[in-house]
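> Need a 3D model of the following:
(chains A, B and C)
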Amino acid sequence: MNALTQNDSAQNLASYNFAYLDEQTKRMIRRAILKGIAIPGYQVPFASREMPMPYGWGTGGVQVTAAIIGRDDVLKVIDQGADDTTNAVSIRAFFAKTAGVATTTSTPDASIIQTRHRIPETPLTEGQVLVYQVPIPEPLRFLEPRETETRKMHALEEYGLMHVKLYEDIARNGHIATTYAYPVKVEGRYVMDPSPTPKFDNPKMHQSEALQLFGAGREKRIYAIPPHTEVVSLDFEDHPFEIQHFNEPCAMCGAEQVYLDEVVLDDKGGRMFVCSDTHYCESRRADGHRGVLLGDDAEIEKEAM
Amino acid sequence: MSLSQTIDAPVGKLASAPSQPLLSVDNLTRVYGKRIGCADVSFDLWPGEVLAIVGESGSGKTTLLNCISSRMTPTCGTVHYRMRDGESADIYKMAEAERRYLMRTDWGFVHQNPIDGLRMTVSAGANVGERLMAVGNRHYGNIRNTAIEWLSRVEIDEDRVDDQPRTFSGGMRQRLQIARNLVTEPRLVFMDEPTGGLDVSVQARLLDLLRGLVSDLGLAVVVVTHDLAVARLLSDRMIVMKEGRVIEAGLTDRVLDDPRAPYTQLLVSSILQV
Amino acid sequence: MKTLLVASDVKKTFVMHMRGGVELPVVTNVSFSLKSGSCAVLGGPSGVGKSSILKMLYGNYGCDSGQILVQHHGKHIDVASADPRMVLAIRRDTIGYVSQFLRAVPRVSALDVAAEPLLIRGIAQEIAHQRARDLFAELNLPEKLWSLPPATFSGGEQQRVNIARGFITDHPILLLDEPTASLDAANREVVIDLIARKKADGAALLGIFHDQDVRNAVADHVIDVSAFATGKTAA
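Next comes the predicted model:
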């Protein structure tokens, strides 16, 4: 699936409007997106539609992508960094069918990347759009269940409660224990939930050249981070924000300073750590990099392939 | 802020009392349709003064408290608060952000039921530290130390700092609520039956604590209570309310020892002797 | 001798609404003055209104009419019509009061009770406590009681805490309501001595003493309250 594939079967398009949603809905979503871009980090309510997948399966991200995608776009979809999991495959097929657009697994080749819970390792460039799938958009929800209150808190910039959560972490665990969905402050104004991406990815959101859009279908919210925007992770002066560190490089490609997934190899406790970003790992291996699992022994490499 | 810090001030400082009231209530009225919540209430409160609003159920004292603390908009009348810069502001003409900020810094509100004034699912330390974090404190160590200091001032053991208020007794919860309110050193504190529902010995301890803190910190307090003994112990001045109206007002000991209005005489004569 | 307090035409009537509005006149046309360095005594039978007069001077009772002028920080203030803040200021700085019974507050030690009038004037805690200790020692209050709350003390012990509290400041006017009522002979002597020292300092004292000996020892002149009575009696 490394080559670009084109679906040019015209009769498939006949039963759907381009990219599934009707044009009025797309206008509504685009307006919400524009508002989000104008007010970075602010959650814009939108009239989320019924989609052909249930809530909790990326309907927010799909609606955002559907509203912005054009015939000449190239779409990449990842789920926890992988192009080949069920959801990623399904959503990619969905857009191939309803929009007839080209799809890819290559990060640099994509113009739109829809993602569930990870940011690609390859830095994004100007002209690319990253669409995040968001389950719970409200960072304050767990401490303040009332929507009326949280809206006021955002409006009045009352974010003391956010630091209460971090304080509790330190009091209970000795350090800030939040490792994903780590809250950030955008352009010094709105506190935002970056979706359940690992905190490892937070620095990638800061001053990105790409446009970042966030869609929550069930909760009916859209928010955005325009390119070159300040995104700062919340912390305390004496407990500064730190990303995760891994003790070993990727077992397959040897990459360091990337987010690794743990893979259980057998029932004897064998495990390996490999790149979460599958495309990144593939391209490194294509360039000749080898990790401990694949390195030195060409036989094992042949078997693993 | 220990006792000695505040009272080393020479007598001269006390003699030059501030000439402007901290809170001015003018003709405050709140109606619920045809029912009167409170009507035509006016009074001033000076810095460091404790005012008790006394009455039985239905007297309108809680309505009055809510109206003067910006929790309920009055039907007519005004409430003016003197800000730290000396300017007097109509609290209902303020922007909401400013009012909410005031409520978190310059003001405190102690609820009758501490559950209403605490976050039950976060630790005691976080409860006390929240206001500090809300105004921009970002040093965990300092916030925690300040919280521990305040816990000890309200006689809560330091090793409870990471415990949740769910595990505290009623009296402890109430003391925690007080610490949570006082950590930003407010100038004005509203209290709604602060000792309601507490055991007698716990009440005594709490009242003693309140007296000490009020005097140490020079707090102005408006305390609503139906308990005349609490009013006598805590307040300098008193307002007696019945059916939404002020029946009698004046020095606490004068109103209790020489009640003039029939209703006040009834109230005072109803106190049980122990 | 300066005049520190002038009462003129003070009148007091109790209206007992709980008893159908019956009026109990207490005193009328009360006029007298208090001069520095002297001790006046309110005389008359029990129930004639002596205590009421003291309480009116302190602002604890209201008056129906009349004036009670005091010298407060160089100005003449009428206690009878002063607003509550002013009365509190007068009590803090100008008029002291030794009540007949100590109103004990739970958990506050005798030392703190006695020291409080100094503390609210801004005197340092150590100095205030030392003065309280000195007075307690003079009044023969056992040292082991000093750090205890007075609620469980005997009447005489409570009274001595009360006296210390009243005498601890330098108020120019001091009102005394039966200060020696529960005291033994030795401590009565102490109180007489305290009063003499206050007079020497220039204070004006006004007291009610049921004990004839004490009255004779301290009084410079007697104000006969029955002259102000209106026929009916109330305390």
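> contacts, neighbours, all on C-alpha from now
Fine.
> State the helix or strand in which C:R92 lies.
C:R92 is part of helix C:84-93, with elements assigned from DSSP states H and E.
> can you tell me if that helix touches chain B.
Yes. Residues of helix C:84-93 are located near chain B by Cα under 8 Å from any Cα of the partner chain, namely C:P84.
> Give the partner strands of the helix or strand just after that helix in its sheet and their orientations.
Next along the chain after helix C:84-93, taking DSSP H and E as the criterion, comes strand C:95-98. Here strand C:95-98 is paired, per DSSP bridges, with strand C:173-177 (parallel).
> Could you tell me the angle between the partner strand and helix C:84-93?
90 degrees (axes from the mean of the first three to the mean of the last three Cα atoms, to 10 degrees).
> what residues does strand C:173-177 touch?
Residues from elsewhere that reach strand C:173-177, judged by Cα atoms under 8 Å, 6 or more residues apart in numbering or on different chains: C:4, C:51, C:54, C:94-100, C:166, C:203-209.
> which ones are touching the residue of the stretch 101-250 of chain B found nearest chain A?
Closest to chain A within the stretch 101-250 of chain B is B:A134: 3.6 Å, counting by Cα to the nearest Cα. Applying Cα under 8 Å, 6+ apart, we find B:A134 in contact with A:158-161.
> from the residues you listed, which single one is nearest chain B?
A:G160 (3.6 Å).
> Do me a favour and get the backbone dihedrals for the closest one.
Per-residue torsions, A:G160: phi -60, psi -40 (degrees, to the nearest 10).
> ok, it - contacts?
Applying Cα under 8 Å, 6+ apart, the residues near A:G160 are B:130-136.
> Buried only: go through those for me.
Buried members of these, scored by 16 or more other Cα atoms under 10 Å in any protein chain shown, are B:130-134.
> Dump the residues you listed into TSV; add distance to B:V221 and pLDDT as well.
Formatted as TSV, the buried ones among the contacts of A:G160 follow (distance: Cα to Cα, whole Å; pLDDT from 0 to 100):
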residue	distance to B:V221	pLDDT
B:E130	22	94
B:R131	19	93
B:L132	21	94
B:M133	24	93
B:A134	23	89
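> In helices, which of the residues you listed fall?
B:130-134 (DSSP state H).
> Tell me if C:F136 really is in a helix.
Yes. Residue state for C:F136 (DSSP: H, G, I helix; E, B strand; the rest coil) corresponds to a helix.
> any idea whether the nearest residue to it once chain neighbours are set aside is helix, strand or coil?
The shortest distance from C:F136 to any non-neighbouring residue, by Cα to Cα, 6 or more residues apart in numbering or on different chains, is to C:A164 (6.6 Å). Following three-state DSSP, the label given to C:A164 is helix.
> from memory C:K199 sits against C:K35, does it?
No. C:K199 is not in contact with C:K35 according to Cα atoms under 8 Å; the separation is 9.9 Å.
> what ranges do the strands span in the stretch 151-274 of chain B?
Counting by DSSP state E, counting those that start in this stretch, one finds strands in the stretch 151-274 of chain B at the ranges B:188-192, B:220-225, B:237-242, B:245-251.
> How much space separates B:R180 from B:A124?
According to Cα to Cα, to the nearest Å, B:R180 and B:A124 sit 9 Å apart.
> tell me which residues in the helix holding C:R92 are buried?
Under 16+ other Cα under 10 Å, the buried positions of helix C:84-93 are C:84-85, C:87-93.
> for those, which one is nearest chain B?
After measuring the buried residues of helix C:84-93 against chain B - Cα to the nearest Cα - the closest member comes out as C:P84, at 5.4 Å.
> What's opposite the residue lying closest to that closest one once chain neighbours are set aside in the beta bridge?
Sequence neighbours aside, B:L251 is the residue nearest to C:P84 in space, at 5.4 Å (criterion: Cα to Cα, 6+ apart). When bridges are called by DSSP bridges, B:L251 pairs up with B:R237.
> that older thread, quick check: the gap between the residue of the stretch 101-250 of chain B closest to chain A and A:R221.
Where A:R221 is concerned, B:A134 sits at a distance of 26 Å (Cα to Cα).
> B:G60 too?
In this view, B:G60 and A:R221 are 43 Å apart by Cα to Cα.
> Output the strands of the stretch 151-274 of chain B in TSV; the columns should cover mean pLDDT.
TSV is the format used below for those (pLDDT from 0 to 100):
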stretch	mean pLDDT
strand B:188-192	95
strand B:220-225	95
strand B:237-242	95
strand B:245-251	95
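> my guess is B:V128 meets B:R175, correct?
No. Look at B:V128 against B:R175 with Cα under 8 Å: they stay out of range, at 10.8 Å.
> what ranges do the helices span in chain C?
Applying DSSP H to chain C gives helices spanning C:50-58, C:84-93, C:110-119, C:125-138, C:155-167, C:185-200, C:212-218.
> and of these, who's closest to B:R232?
Closest of the helices of chain C to B:R232 is helix C:84-93, at 14.4 Å (criterion: Cα to Cα).
> That closest one versus helix C:50-58: what angle between them?
Using the same axes, to 10 degrees: helix C:84-93 against helix C:50-58 is 110 degrees.
> which strands and helices sit next to helix C:84-93?
Under the contact criterion of 3 or more Cα pairs under 8 Å, 6 or more residues apart in numbering or on different chains; DSSP states H and E, helix C:84-93 touches no helix or strand at all.
> related to what we said a few turns ago, arrange the buried ones among the contacts of A:G160 in a markdown table, one row each, with distance to A:I170 as further columns.
Formatted as a markdown table, these follow (distance: Cα to Cα, whole Å):
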| residue | distance to A:I170 |
| --- | --- |
| B:E130 | 14 |
| B:R131 | 18 |
| B:L132 | 16 |
| B:M133 | 14 |
| B:A134 | 17 |
